[in-house]
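# Sharing a sequence plus its predicted fold:
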Number of protein chains: 2
Amino acid sequence: MDAETIFSLRKLALLGAMEQPIKLSAASFSETLKSSVQTAARRLQEMEREGLIYRRIMVDGQWVMLTRRGIDVLKAECQEYRQIFFAKTNLEVELVGKVITGLGEGKYYTTLEGYKRQFKRKLGFFPFPGTLNIKLDARSIEARRMLDFANAIRIEGFKTPKRTFGGGRCYPCEILHERAKGIRSFVIIPERTHYPDDIIEIISPVFLRKELQLNDGDYLALRVKV
Amino acid sequence: MDAETIFSLRKLALLGAMEQPIKLSAASFSETLKSSVQTAARRLQEMEREGLIYRRIMVDGQWVMLTRRGIDVLKAECQEYRQIFFAKTNLEVELVGKVITGLGEGKYYTTLEGYKRQFKRKLGFFPFPGTLNIKLDARSIEARRMLDFANAIRIEGFKTPKRTFGGGRCYPCEILHERAKGIRSFVIIPERTHYPDDIIEIISPVFLRKELQLNDGDYLALRVKV
DNA sequence: ATTACTAAGCACCGAGTAA
DNA sequence: TTTACTCGGTGCTTAGTAA
């Protein structure tokens, strides 16, 4: 995949093709690329062939949208810029969301030896068995993306004879709640490919639901250090 | 300037050629570019010709460093990524520095009609005549760069028969100081090409030095919303 | 108006060579 | 070793054409 392809892909993203399909013609795209119509058309074919975009051709143009893979390619390049300009910068993101009940996976995973030892070594505590799940509001979903680009504490995946367990990324956070003072907590985001981006989980040495007296639907705000 | 050139430029920046000259040979650079030695050499020539890098050729390699223009080109591309991924995200940067006495320029500029009216309209107040100058610590200089990529309140430049006055960018900020509660304040960064990056100025409707009882050398922390 | 193909031209890549 | 040429071949761009 060459630089020109990524250039084209970025321009598509700037046109809004990351969230939803956009309608465009090779002629109009050639203007943003500053190339001939033929080249613009070829680029669109290439990107489709490489699995970077979905495409639907109509008689009067085409509908185009980035694929997951296309977004990942752009993320990788964005990551390079983060390294160039913000390597040593640490900033804070405020996330707000509603407490929800997860599928109990957090409870299962936090008790596995393969993870538990890493939490102790890397975060400094054995986690309470279970995670506090937060469904982010619309604004926070955007802000959450910041975490994808930040340095994280990596939890490695591992294998057992039966199955493999994926890795995850942890970010120290401060829960903005009067009872949370002094309680260590981390946002943890599993590295599964299809993990939803509007939910985050918090691990902590204590049972947060009880300590903070939280119920489903309660709003909670966090300040995540990235 | 084509996408391949910017690609090469970015790789140089990743090698650290933004802060200081680095030593490299076309052969070693060809590995990071994944191209032939000749192409790597040609790319370096091109970038020099386009004013993106400084270059000094020795018998055993060359010293290379990005020019101001080279950095600006990368910034522009980084800016596109910010727009793609973080357009709606607002986050906070914490800056820390020492109070210093400026050259009195702030006092002059804040009284000019061309600026004053804009401040009133865009920030909501007529500024106290004078700015509070802060010399940032090393860590904050890095964090400050974030502001270059954020949406700002733009103050437009203007012309008089005698001379032209440049524009600037304002960011709402919260001064972390017990006496600063309720005082509106903005970081303002002039858009001059050679403005130092380790100094920021704060404008406010009040005389901050007096209100906060500050003297030169006092440390001050701000939280800037970007 | 579209998209997609073909074909001609040219620009770029990289091997080879010189300093 | 280097950098900086030259030169041949390849592959990309774009004009033209078809559907």
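Thanks, I have the structure now. All of these numbers come straight from a predicted model, not from anything done at the bench.
# Tell me if the top helix by length along chain A is near chain B.
Assignment by DSSP state H gives helix A:68-86 as the longest helix of chain A. Yes - Helix A:68-86 is in contact with chain B by CB under 8 Å from any CB of the partner chain, via A:74-75, A:77-78, A:80-81, A:83-86. Glycine gets a C-beta too; all of them are placed from N, C-alpha and C.
# then that helix to PDB, C-alphas only?
C-alpha atoms of helix A:68-86 as PDB (Å, rounded to 0.1, in the frame of the first residue of the first chain):
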ATOM      1  CA  ARG A  68     -12.600  -1.200   9.500                       C
ATOM      2  CA  ARG A  69      -9.300  -2.000   7.900                       C
ATOM      3  CA  GLY A  70      -9.200   1.400   6.100                       C
ATOM      4  CA  ILE A  71      -9.800   3.200   9.500                       C
ATOM      5  CA  ASP A  72      -7.000   1.100  11.000                       C
ATOM      6  CA  VAL A  73      -4.600   2.200   8.300                       C
ATOM      7  CA  LEU A  74      -5.300   5.800   9.000                       C
ATOM      8  CA  LYS A  75      -5.000   5.200  12.700                       C
ATOM      9  CA  ALA A  76      -1.600   3.800  12.200                       C
ATOM     10  CA  GLU A  77      -0.500   6.900  10.400                       C
ATOM     11  CA  CYS A  78      -2.100   9.200  12.900                       C
ATOM     12  CA  GLN A  79      -0.200   7.200  15.600                       C
ATOM     13  CA  GLU A  80       3.000   8.200  13.900                       C
ATOM     14  CA  TYR A  81       2.100  11.800  14.100                       C
ATOM     15  CA  ARG A  82       1.200  11.500  17.800                       C
ATOM     16  CA  GLN A  83       4.700  10.100  18.300                       C
ATOM     17  CA  ILE A  84       6.300  12.900  16.400                       C
ATOM     18  CA  PHE A  85       4.400  15.800  18.100                       C
ATOM     19  CA  PHE A  86       3.100  14.500  21.400                       C
END
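# Return the closest of the residues of helix A:68-86 next to chain B with respect to DNA strand D.
Taking CB to the nearest atom of the strand as the measure, A:Glu77 is the one of the residues of helix A:68-86 next to chain B closest to DNA strand D, at 18.4 Å.
# quick revisit: I'd like to know which of the residues of helix A:68-86 next to chain B are buried.
A:74-75, A:77-78, A:80-81, A:84-86 (16 or more other CB atoms under 10 Å in any protein chain shown).
# quick one on the thing from earlier: which other helices and strands contact the longest helix of chain A?
helix A:3-14, helix B:3-14, helix B:68-86, helix B:138-148 (3 or more CB pairs under 8 Å, 6 or more residues apart in numbering or on different chains; DSSP states H and E).
# got those as a markdown table, with distance to A:Lys122 and mean pLDDT columns?
Listed next are those as a markdown table, based on distance: least, CB to CB, whole Å; pLDDT from 0 to 100:
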| stretch | distance to A:Lys122 | mean pLDDT |
| --- | --- | --- |
| helix A:3-14 | 34 | 97 |
| helix B:3-14 | 27 | 98 |
| helix B:68-86 | 27 | 96 |
| helix B:138-148 | 24 | 92 |
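# Pipe those into JSON lines and attach distance to DNA strand D per row.
Shown next, in JSON lines, are the helices and strands packed on helix A:68-86 (distance: least, CB to the nearest atom of the strand, whole Å):
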{"stretch": "helix A:3-14", "distance to DNA strand D": "5"}
{"stretch": "helix B:3-14", "distance to DNA strand D": "9"}
{"stretch": "helix B:68-86", "distance to DNA strand D": "17"}
{"stretch": "helix B:138-148", "distance to DNA strand D": "30"}
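# Between those helices, which one is closest to A:Leu91.
Among the helices and strands packed on helix A:68-86, the nearest to A:Leu91 by CB to CB is helix B:138-148 (6.6 Å).
# Tell me the first helix or strand C-terminal of the closest one.
Using DSSP states H and E, the helix or strand that follows helix B:138-148 in sequence is strand B:153-155.
# neighbouring strands for that next one, and are they parallel or not?
strand B:168-175 (antiparallel) (DSSP bridges).
# Give me the contacts around the partner strand.
With contact meaning CB atoms under 8 Å, 6 or more residues apart in numbering or on different chains, strand B:168-175 is reached by B:122-123, B:147, B:150, B:152-155, B:180, B:183, B:185-191, B:202-203, B:208, B:212, B:220-226.
# Now do the contacts for A:Ile202.
A:131-132, A:134, A:173, A:175, A:185-188, A:208, A:222.
# ok so, going back, the longest helix of chain A to helix B:3-14, inter-axis angle?
Counting by axes from the mean of the first three to the mean of the last three CA atoms, to 10 degrees, helix A:68-86 lies at 50 degrees to helix B:3-14.
# State the next helix or strand along the chain beyond helix A:68-86.
Sequence order places strand A:92-100 as the next helix or strand after helix A:68-86, per DSSP H and E.
# ok, is that next one in contact with chain B or not?
Yes - interface with chain B: strand A:92-100 contributes A:92-94 (CB under 8 Å from any CB).
# Got a quick PyMOL command for the buried subset of the residues you listed?
Filtering the residues of strand A:92-100 next to chain B down to the buried ones (16+ other CB under 10 Å) takes a single PyMOL command:
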select buried, chain A and resi 92+93+94
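# Show me how the record splits chain A into domains.
Under automatic domain parsing, the residue ranges defining each domain of chain A are A:3-85, A:92-225.
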